[in-house]
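Student: sequence first, then the predicted structure, then my questions.
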Amino acid sequence: MKRFPQAILLVLSGTGLLHISLLTDLYLRYVKEWMRPMLIASGVLLLVLGVADAWSQRRPGAPRDRGERGTHEDHDGHPHDHSGVPRAAWLLLLPALSMLLYAPPALGAYTASRQTSKPVAVQQDDFEPLPAISPLPLTLGDFTTRVRQDPEQAVKGRTIEMTGFVTPVERDEGWDLTRLLINCCSADAQAVKVRIHGGEIPPADTWVTVVGTWHSDGTLGTSSAAVALDARTVRKVDRPADWYRDALVQPLPR
Amino acid sequence: MRSAGQRSGVPYGAAEDEVAPVAAEDEPQLRRSPLFTPLLLLGAAVLPGTLVVVIGLWGDAPAVQAWRNVCLSISVQALPFLLLGTALSGAINAFVPARVFDRALPRRPALAVPVAGAAGVVLPGCECASIPVASSLIGRGVTPAAAFAFLLSAPAVNPVVLTTTAIAFPGDPSMVVARLLASLATAVVMGWLWLALGREKWLRPTVRHTGHQPGHSRWTEFRLGFQHDFLHAAGFVVVGAMAAATFNVAVPQSVLDTFSDSPWLSVLFLAGLAILLSVCSEADAFLAASLTGFSPVARLVFMVVGPMVDLKLIALQAGTFGRAFAIRFSAATTVVAILCGTLVGGILL
């Protein structure tokens, strides 16, 4: 690879990173928010590196570096990179341009529909009493734990409010209220789902707040209990800022 | 990017044909003419643009969008760690004299291996960072066996990874201990294995890590080495990200649970899954914790294999050390990691 395109590649990658992390919040579609300072630093570093490289070539009499020296093309047009950067480096152009021009949307119903709901890993014994408000806001994970493990059956008869996006269900009743959780980047996304019964099925990937009561199926507080809700109202809402988390839209009143 | 060069070369050559029939013989000179670089850049700009439009036509399919998201997210996630690794590697190359390593590591390679393996704790980064660092260590005269032990242990036993493992498996400290021991054992065994069986000729000769040359500016050396290493590695990370995204989208996770019945099959299956998923070592504990259908030993193997061998790393190793090395080393590491994981898991879990 020649020197000048290398500089272009570095500048494009740096600008792309800055575009998704500093100028916009697009990075939240791919990684967690704690990555932001690292992404900005990387973007600046790549930009500086690219500009410095381009600048050093503008200077007359600048020494030609090894990348140039090792590369020459023979008659059938195959460049021989003896010590230069391999052509695979051009692949960096794909994420760079993708970040700049054509950022893919966040993961949603397609990914969630292909996963089973994240199992409740830990057996929880101590359950705090639920606050006496109605409707009671719960995260999907808390609801799952309460339904499956709480021996006090505290959710019984309670009106519950949960927020997530819509994942349609094939060959079954209702639809899944869903959140995708990521720990590092969206390659490790895991779905947590609650089956919603009753009412019309909203279009896939719509963010909704559902208010309803536990869908009575199985024994509450045991693993036989259905993680499901009988919906009373389904209301469209804006997508929350931290959509790759299973968090309440508004903190509980104290 | 040859296709881009050809693309831009076509109208150029055609126009030349009309006025000068000898254009073909002149081509070597023409290619070096001042017009060539702008035309190459034009081609480089046009080709991805065309690709983007073509992708855009069917890019709204949810599967394609999910693929692009996963592919980009693995790349974005890897870039800062890759920069950190290449910066370290460039700094080692330009600023650290070779005698420092002679003092720090035991003279005998067999002893240097476990020391280097334990030293992996100091690099709390993703696995992408450790490969360029290991490469520059070899360039500075560290015995390859010790550098490989470091390469394998750095992403697997660093404090960040152990902490996330403890968080992912609450109330189960034996899993953290088992992960630490099994990963260290794998790294050290692989180092010794390289001493016993490894051949230098499998390694691509590295001419670039020559250290500081008298008469050159250290900063320029650092910058050029840094830039070279980063571009070199980044392309291969994208290859790995594409492969991992393809697997991620093509195989639904719900089919995974079908393999959890047989204890031996499940160990092999999760080892294979770790290789294909290419999740970074800081996140794989959470994934392992969610695979509740599988035995603890199988999940331990998943966490031991994952940071050491996966699609992204194989691509990166092939780019850094050469294909002959990457194939042998990854295959051997997989076997050793499965054995160590099973052994340690069988005793501790």
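Tutor: Nice, thanks for sending it over.

Student: interface residues of the stretch 151-254 of chain A facing chain B?
Tutor: A:I182, A:N183, A:C184, A:C185, A:S186, A:A187, A:D188, A:Q190 (C-beta under 8 Å from any C-beta of the partner chain). Backbone N, C-alpha and C define where each C-beta goes, glycine included.

Student: need the max-distance pair from those residues.
Tutor: A:C185 and A:Q190 (12.5 Å; C-beta to C-beta).

Student: between these two, point out the one with more neighbours.
Tutor: A:C185 (26 against 22; other C-beta atoms under 10 Å in any protein chain shown).

Student: can you pull out the strands in chain A?
Tutor: A:71-73, A:79-81, A:136-137, A:160-168, A:175-181, A:190-197, A:207-214, A:228-236 (DSSP state E).

Student: correct me, but B:T320 touches B:A234?
Tutor: No: counting by C-beta atoms under 8 Å, B:T320 does not reach B:A234; the two are 11.7 Å apart.

Student: stretch B:188-203: how far from the chain's middle?
Tutor: Mean-position distance between stretch B:188-203 and its chain equals 19 Å (C-alpha atoms, centre = their mean, to the nearest Å).

Student: quick one: mean pLDDT over that stretch.
Tutor: Averaging pLDDT along stretch B:188-203 yields 90.

Student: what does the stretch 201-349 of chain B have sitting close to chain A?
Tutor: B:207-208, B:220, B:223-224, B:226-228, B:230-232, B:234-236, B:238-239, B:241, B:244-245, B:248, B:252-254, B:257, B:277-280, B:282-284, B:286-287, B:289-290, B:292, B:319.

Student: mind checking which of these are buried?
Tutor: Listed as buried from those are B:208, B:223-224, B:226-228, B:230-232, B:234-236, B:238-239, B:241, B:244-245, B:248, B:253, B:277-280, B:282-284, B:286-287, B:289-290, B:319; burial here means 16 or more other C-beta atoms under 10 Å in any protein chain shown.

Student: ok, B:A66 - contacts?
Tutor: A:L107, A:Y110, A:T111, B:N248, B:V249 (C-beta atoms under 8 Å, 6 or more residues apart in numbering or on different chains).

Student: and stretch B:164-175, what's buried?
Tutor: Buried, per 16+ other C-beta under 10 Å, within stretch B:164-175: B:T164, B:T165, B:A166, B:A168, B:F169, B:D172, B:M175.

Student: what's the first helix or strand after the host helix or strand of the third one?
Tutor: Secondary-structure element containing B:A166, defined by DSSP states H and E: helix B:159-168. The helix or strand immediately downstream of helix B:159-168 is helix B:173-197, counting by DSSP H and E.

Student: ok, then the element right after that next one?
Tutor: Heading C-terminal from helix B:173-197 (DSSP H and E), you reach helix B:218-250.

Student: how far off centre is that following helix?
Tutor: 8 Å.

Student: tell me the mean pLDDT for it?
Tutor: 81.

Student: what do you get for stretch B:326-337?
Tutor: 95.

Student: again, but for stretch A:209-224
Tutor: 88.

Student: buried ones in it, by neighbour count?
Tutor: A:T209, A:V210, A:V211, A:G212, A:T213, A:W214, A:H215, A:L220, A:G221.

Student: quick one, phi psi at B:V279?
Tutor: Per-residue torsions, B:V279: phi -80, psi 150 (degrees, to the nearest 10).

Student: how about the residue nearest the centre of chain B, nearest residue that isn't a chain neighbour?
Tutor: For chain B, the residue nearest the mean C-alpha position is B:L313 (2.9 Å; C-alpha atoms, centre = their mean). Of all residues not flanking B:L313 in the chain, B:E127 sits nearest, at 5.8 Å (C-beta to C-beta, 6 or more residues apart in numbering or on different chains).

Student: and the one you found, how far from chain A?
Tutor: To chain A, B:E127 is 12 Å away according to C-beta to the nearest C-beta, to the nearest Å.

Student: now the one helix or strand B:Q65 maps to: average pLDDT?
Tutor: Secondary-structure assignment from DSSP H and E places B:Q65 in helix B:62-95. The average of the pLDDT scores along helix B:62-95 is 84.

Student: could you do stretch A:155-168 as well?
Tutor: Rounded mean pLDDT across stretch A:155-168 is 91.

Student: do the same with stretch B:295-302
Tutor: Stretch B:295-302 comes out at a mean pLDDT of 92.

Student: same question, stretch A:181-190
Tutor: Computed over stretch A:181-190, the average pLDDT equals 83.
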